[in-house]
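**Student:** quick one, structure for this:
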Amino acid sequence: MRAGSFLRYAGLGAAMAFLAACQQDAGSSANVPGGGAATAAYDGIAEGDTVHFAGTEPFWGGTIAGAMLTYSTPENPEGTAFLVDRFAGNGGLGFTGTLDGAPFNMAITPGSCGDGMSDREYPFVVTLRIADETRRGCGWTDSQPFSGDAQP
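**Tutor:** Have a look, this model is predicted:
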């Protein structure tokens, strides 16, 4: 196996483990998407959907369109674009890649999410890990938008 292939599969393995850990945080597996008897891969976000995500403290956000993720911060509002691998687990999606040399793992799971700064309600919970730092935020897609003010 080539080194690049090994790293790709190792990254997918890390995303799967990260997605499983995020599900465990949600409580009893009987009430968690993918918990209990469910064995099918999550299909709540189509591969062609653009995923939007945002978080606070520190502020961060971006989009995923196909295999391209753009991650932005107030210091880098244009964002940094990089390729990610997508993994559909039992309870959500995992995305893995490398941002500025650091491992980047994102889990997107269905569930009501609020950003704490507006009256918006988002359909997805986002858990992000960059290197050793974990961040939490919310997500939505064009076909599953947030509810609330567009400009809070």
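**Student:** let me see the ranges of the strands in this protein.
**Tutor:** Residue ranges of the strands in the chain, as given by DSSP state E, are 51-55, 60-65, 68-73, 76-88, 93-99, 102-113, 122-130, 133-141.
**Student:** lowest-pLDDT helix or strand in this protein?
**Tutor:** helix 3-25 (a mean of 45; mean pLDDT, DSSP states H and E).
**Student:** now do Asp142 against His52, distance only.
**Tutor:** Separation of Asp142 from His52 (CB to CB, to the nearest Å): 8 Å. Every residue, glycine included, has its C-beta placed from N, CA and C.
**Student:** same thing with Gly91?
**Tutor:** As judged by CB to CB, Gly91 and His52 stand 20 Å apart.
**Student:** more crowded one of those two?
**Tutor:** Neighbours of Gly91 and His52, each counted by other CB atoms under 10 Å, are more numerous for Gly91; the result is 25 against 20.
**Student:** ok, the more buried one touching Thr109?
**Tutor:** Yes. Counting by CB atoms under 8 Å, Gly91 does reach Thr109; the two are 5.6 Å apart.
**Student:** show me the contacts for Ala81.
**Tutor:** Neighbouring residues of Ala81 by CB atoms under 8 Å, 6 or more residues apart in numbering: 68-70.
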